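Visitor: what follows is a protein structure lacking sequence information:
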């Protein structure tokens with residue numbers, strides 16, 4: 001990594017150093033205007049790269065902010081739709097699939113991971129905002145690193161918080177959570193919309209030549225009410 005940065009800096013110095021001299025010579029008619037092509041070409045390339053980087057970071061910032069709004073009550077928008085809130089509302093007293101003691105232990109483990117990922121989230125969000133402020137001097141490696149971090153973070157949250165929460169909730173008394181079903185449905189829909197936007201964003205980066213680690217992030221595949229809903233429909237269709 002250090003060698004990469006040193007090599008990049010050296011290349012930029014070698015590229016930039018002759019340019020001011022060449023501009024002065026052109027102004028005093030010492031060098032033909034035709035030799036100024038590398039100067040203007042570099043400024044054009046540099047400007048386009050900076051605008052591209054800033055545009056990518058703004059799109060990433062929106063994705064990161066929306067993820068926080070949905071999962072960490074950032075701005076007070078998530079409320080009862082946060083999937084992790086189901087942990088405090090589930091009842092396992094009459095469960096035949098687990099015991100209250102095991103449910104409590106699993107709940108504590110999930111919450112521990114959740115709070116760790118929450119710290120990671122705010123650190124990542126701050127990194128995106130810092131990169132936006134220094135977009136003029138940002139190198140492509142910085143951009144690639146933070147995009148790949150978002151991909152990894154998103155997958156970790158879905159796998160270790162959202163899906164683990166829902167697997168545990170599926171062992172609870174779902175009748176006591178019936179009032180939470182609509183909130184979960186809203187959460188699931190919004191998370192799917194966010195994933196769709198993220199996948200389109202990542203595919204556009206891959207199409208532009210940025211070697212992102214993935215173009216599709218992890219989908220939420222667990223729904224504790226799905227089986228119950230199916231069974232209910234089948235029961236209604238069965239004649240007495």
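Guide: Alright, I've got the coordinates. Note that the coordinates shown come from a computational prediction; the quantities given were computed from them, not determined experimentally.
Visitor: look up phi and psi at residue 96.
Guide: Dihedral pair for residue 96: phi -100, psi 0, per degrees, to the nearest 10.
Visitor: any idea how far residue 169 is from it?
Guide: Residue 96 sits 15 Å away from residue 169, going by C-beta to C-beta, to the nearest Å. Quick note: C-beta positions are derived from backbone N, CA and C, even for glycine.
Visitor: for residue 55, same thing?
Guide: Applying C-beta to C-beta to residue 55 and residue 169 gives a distance of 40 Å.
Visitor: which one's more surrounded, those two?
Guide: Per other C-beta atoms under 10 Å, whichever of residue 55 and residue 169 has more neighbours is residue 169, with 24 against 11.
Visitor: ok, that one touching residue 90?
Guide: Yes - contact between residue 169 and residue 90 holds when scored by C-beta atoms under 8 Å: they sit 5.2 Å apart.
Visitor: can you give me the helices for the chain?
Guide: 2-16, 18-27, 37-71, 100-133, 140-157, 163-169, 181-207, 226-237 (DSSP state H).
Visitor: wait, what's in contact with the spatially most central residue of the chain?
Guide: In the chain, the centroid-proximal residue (C-alpha atoms, centre = their mean) is residue 150; its distance is 3.8 Å. Applying C-beta atoms under 8 Å, 6 or more residues apart in numbering to residue 150 gives the contacts 60, 63, 64, 124, 198.
Visitor: what two of these are the furthest from one another?
Guide: By the measure C-beta to C-beta, 124 and 198 form the most distant pair in these, at 13.7 Å.
Visitor: ok, these two, which is more surrounded?
Guide: Between residue 124 and residue 198, counted using other C-beta under 10 Å, the more crowded position is residue 198 (23 against 20).
Visitor: please consider this matter closed, and thank you.
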